[in-house]
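Peer 1: 3D model of this:
(chains A and B)
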Amino acid sequence: MTSTPSLWTITRRTLAKDLRLEWRSKDAINSMLFFALLVVVIFSFGFDPTAEESRKIAGGLLWVAILFATVVALNQTWTRELRNQVLDAYRLSPAPPQALFLAKTVGNFIFVTILEVLMVPLFVVFYNLRSVGPVWQLLVVALLATWALVVNGTFFAALSIRTRSREIMLPLILFPISIPALLAMVDATTSILTGDNSPVFWIRLLAVYDLVFTVVGLLLFEPVLNAE
Amino acid sequence: MNEEQKTGAPYLPQLADVGEAPTGGPHPPSARGRSGVSCRVPGCEAVVGECGNAAAVSVRDVVRHFGRFAALRGITADFAPGRLYVLLGENGAGKTTLLRVIAGLLAPSRGTVRVLGSENIRAVATRFGYMGHAPLLYDEMSALENLEYFAALYGIDDRDRCLQAIRTVGLDPTLQRRVGQYSQGMRQRISLARAIVHGPELLFLDEPFSNVDVRSAKQMTTLLATMRDQGTTIFVVTHQAALMEPVADECIVLDAGRLIAREIGIPPRLLTPYLAEESAALRRHPSPPGAPYLPQSADVGEATGAPHPPVVGECGNKTEAKP
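Peer 2: Next up is the predicted model:
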């Protein structure tokens, strides 16, 4: 007997499907990884910072590299839904649209976290980084900052999915909206690495940003999904 | 009420069950719908196809624009439940657009669409299935993986049912190959399986036979006829009218976004590949002499705001269609 499925069930099934598709195609991870790697290597050759200078610029370099790489992944995850018009099958079903948004966001969060796990050790080596502040705070910043990037990115990628030049459109929409989050994640990271200031204000700002954009994304995703 | 309806389980006929496609030209109208299947409306004992309780689909003055181009120009019609409708017309006539508007994939620029008694199409999403031009499948997953995912979207967590749906369309459910490696015909079949896995009572098929060999197409046609006989209302958009001729209850002819004819079965003049001349002839003579049935504008409704006649039906439980 068919029934209206629950938000949790569909989120779980859609996330599992996305992870399976990514495992088989590796579209998003490969493109993100190579892009971020290039940025880090080119920057390291472009500058020759001392350990002290590295601590001051590393936050900005790291998050800008991850932001650019995230955009690549965001486009991939929605492009997959456009092939064979699979998105229409979801729109026709009684499944809650919010489940698709949540699953895509969590999926992108996992992909970007994998990227960070691979990139940060490289970053430490290339820039000779040593954190003065507590490292656990860096973990909190990384989690909140990653969610901020993907929750916004997933929403705006869905918004630009049907535009002809979506690769250009997404950064044009996403980057201005992400400025407060980018500012918070860079300043929080720099504060922890240098130990000069307390990162608490920036961490709180990131948390509020995450909350606001998660709620807004959930509320507005249905019209975005059904937009023609 | 048949056993499947009693238990709530969907009916998924097997190709082996349905045997050969019926042949010998259009059935007489009276034979249509006489499947012994009761109307699905509670309290109605009439036979599907002869019951006027409610139209399965009702469209009123539907207009759809794409920019300045009008793909649909004021279509008004009622479609009775338990029948198999074939939508014919040239490329650009508006067949696909009409199907997408009815299925809720496109919003009409003007007019109303009622599906299974509801203007909120999302509210009846569990009760209809749609097969599009594109297969609506993930290339990187196998047929079974695809079906399990799409069944889950309908609240179905039943592997056996997905296996049965794949068998129903004549494919091997144990096939591990990914859909991207399937032939076009196999994709079409799996796409049909996806559309019927949740046991819909209303089915929209957009060119289901494109790139399908004749034998497979005939098997699909037979399957559709069996589903129709079990009470499913089916809309098929096709350019291959001859394939549907043995089983079609009614054909709907569209031209330039207008519904220009409705006929019982598919008349021989429409069996050849659809030609512009035929379309033009229909425009000049909306009721060709000798045609067995061609509803007048009153039958299909006008967008004038005047009350509509009762929706098709003979069982006495007629309801007034909403203008």
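
Peer 1: Which residues are in contact with the residue most central in space within chain A?
Peer 2: Note on chain A: the residue nearest the mean C-alpha position is A:Val150, at 3.1 Å, using CA atoms, centre = their mean. Neighbouring residues of A:Val150 by CB atoms under 8 Å, 6 or more residues apart in numbering or on different chains: A:Thr70, A:Leu74, A:Thr105, A:Asn108, A:Phe109, A:Val112. Bear in mind the C-beta positions are built from the backbone N, C-alpha and C, glycine included.

Peer 1: try it again with 6 Å
Peer 2: Applying CB atoms under 6 Å, 6 or more residues apart in numbering or on different chains to A:Val150 gives the contacts A:Thr105, A:Asn108, A:Phe109, A:Val112.

Peer 1: What is the three-state secondary structure of the third one?
Peer 2: Reducing the assignment to helix, strand or coil with DSSP: H, G, I helix; E, B strand; the rest coil, the entry for A:Phe109 is helix.

Peer 1: For it, grab the count of nearby residues.
Peer 2: Counted with other CB atoms under 10 Å in any protein chain shown, the neighbours of A:Phe109 add up to 18.

Peer 1: and the gap between it and B:Glu140?
Peer 2: Computed as CB to CB, to the nearest Å, the A:Phe109 to B:Glu140 distance reads 21 Å.

Peer 1: Helix, strand, or coil at A:Leu174?
Peer 2: Following three-state DSSP, A:Leu174 is assigned to helix.

Peer 1: and B:Gly74, that's in a helix?
Peer 2: No - the assignment for B:Gly74, made by three-state DSSP, is strand rather than a helix.

Peer 1: That one contacts B:Asp61, doesn't it?
Peer 2: Yes - using CB atoms under 6 Å, B:Gly74 is in contact with B:Asp61, at 5.2 Å.

Peer 1: just the strands in the stretch 101-250 of chain B please.
Peer 2: Under the criterion DSSP state E, counting those that start in this stretch, the stretch 101-250 of chain B carries strands at the ranges B:110-115, B:128-131, B:202-206, B:233-237, B:250-255.

Peer 1: can I get those in TSV with distance to A:Phe123?
Peer 2: Shown next, in TSV, are these (distance: least, CB to CB, whole Å):
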stretch	distance to A:Phe123
strand B:110-115	55
strand B:128-131	48
strand B:202-206	51
strand B:233-237	55
strand B:250-255	61
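
Peer 1: Distance-wise, check the closest residue in space to A:Ser93 that isn't next to it in sequence relative to A:Leu115.
Peer 2: Leaving aside its sequence neighbours, A:Ser93 sits nearest to B:Leu153 (CB to CB, 6 or more residues apart in numbering or on different chains; 3.8 Å). In this view, B:Leu153 and A:Leu115 are 29 Å apart by CB to CB.

Peer 1: same deal with A:Trp8?
Peer 2: Remark: distance between A:Trp8 and A:Leu115 (CB to CB) = 27 Å.

Peer 1: More neighbours: which of those two?
Peer 2: Shown here are A:Trp8 and A:Leu115; by other CB under 10 Å, A:Leu115 has more neighbours (23 against 11).

Peer 1: in what helix or strand does the residue nearest to the centre of chain A lie?
Peer 2: Assigned by DSSP states H and E, A:Val150 belongs to helix A:135-159.

Peer 1: Tell me the buried residues in that helix?
Peer 2: Applying a neighbour-count criterion of 16 or more other CB atoms under 10 Å in any protein chain shown, one finds A:137-138, A:140-142, A:144-159 buried in helix A:135-159.

Peer 1: And for stretch B:184-192?
Peer 2: By 16+ other CB under 10 Å, the buried positions in stretch B:184-192 come out as B:Gly185, B:Met186, B:Arg187, B:Gln188, B:Arg189, B:Ile190, B:Ser191, B:Leu192.

Peer 1: The second one: what's its closest spatial neighbour, skipping adjacent residues?
Peer 2: Which is B:Met186. The shortest distance from B:Met186 to any non-neighbouring residue, by CB to CB, 6+ apart, is to B:Leu171 (6.4 Å).

Peer 1: burial measure for the one you found, as a count.
Peer 2: When neighbours are defined as other CB under 10 Å, B:Leu171 has 19 of them.

Peer 1: Please enumerate the helices of the chain.
Peer 2: Unless you meant another one, I'm taking chain A. Taking DSSP state H as the test, the helices found in chain A are A:7-25, A:27-46, A:51-82, A:86-92, A:97-127, A:135-159, A:166-194, A:200-226.

Peer 1: wrong one, I was asking about chain B
Peer 2: Ranges of helices within chain B are B:3-7, B:15-18, B:95-103, B:143-153, B:159-168, B:184-196, B:214-229, B:241-244, B:276-284, B:297-300, based on DSSP H.

Peer 1: Distance to A:Val224 and mean pLDDT added to these, as CSV?
Peer 2: Putting those into CSV (distance: least, CB to CB, whole Å; pLDDT from 0 to 100) gives the following:
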stretch, distance to A:Val224, mean pLDDT
helix B:3-7, 38, 40
helix B:15-18, 41, 44
helix B:95-103, 19, 96
helix B:143-153, 18, 96
helix B:159-168, 30, 94
helix B:184-196, 24, 93
helix B:214-229, 35, 91
helix B:241-244, 38, 89
helix B:276-284, 39, 57
helix B:297-300, 36, 38
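
Peer 1: can these go into TSV with extra columns for distance to A:Gly195?
Peer 2: As requested, the helices of chain B are exported to TSV (distance: least, CB to CB, whole Å):
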stretch	distance to A:Gly195
helix B:3-7	69
helix B:15-18	72
helix B:95-103	60
helix B:143-153	49
helix B:159-168	56
helix B:184-196	57
helix B:214-229	70
helix B:241-244	76
helix B:276-284	79
helix B:297-300	78
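
Peer 1: between the ones you listed, which gets nearest to A:Phe35?
Peer 2: Nearest of these to A:Phe35, taken as CB to CB: helix B:143-153 at 29.4 Å.

Peer 1: which helices and strands sit right next to that closest one?
Peer 2: Counting contacts by 3 or more CB pairs under 6 Å, 6 or more residues apart in numbering or on different chains; DSSP states H and E, helix B:143-153 packs against helix B:159-168.

Peer 1: helices and strands around the helix it packs on, which ones?
Peer 2: Applying 3+ CB pairs under 6 Å, 6+ apart, we find helix B:159-168 packed against helix B:143-153.

Peer 1: redo that, cut-off 8 Å
Peer 2: helix B:143-153, helix B:184-196 (3 or more CB pairs under 8 Å, 6 or more residues apart in numbering or on different chains; DSSP states H and E).

Peer 1: quick one: low-confidence ranges for chain A?
Peer 2: Flagging of chain A using pLDDT under 70 yields the residue ranges A:1-3.

Peer 1: Spell out which parts of the stretch 51-200 of chain B neighbour chain A.
Peer 2: Within the stretch 51-200 of chain B, the positions adjacent to chain A are B:103-107, B:122, B:125-128, B:130, B:132-141, B:145, B:149-150, B:152-156, B:178, B:194, B:198-199 by CB under 8 Å from any CB of the partner chain.

Peer 1: filter these to the buried ones?
Peer 2: Members of those classed as buried by 16+ other CB under 10 Å are B:103-106, B:122, B:125-128, B:130, B:132-141, B:145, B:149-150, B:152-156, B:178, B:194, B:198-199.

Peer 1: and the gap between the residue nearest to B:Ser118 when sequence neighbours are not counted and B:Val57?
Peer 2: Distances taken as CB to CB, 6+ apart place B:Val124 nearest to B:Ser118, at 5.0 Å, with adjacent residues excluded. Separation of B:Val124 from B:Val57 (CB to CB): 11 Å.

Peer 1: and for the two, which residues touch both?
Peer 2: Common contacts of B:Val124 and B:Val57 (CB under 8 Å, 6+ apart): B:Val115, B:Leu116.
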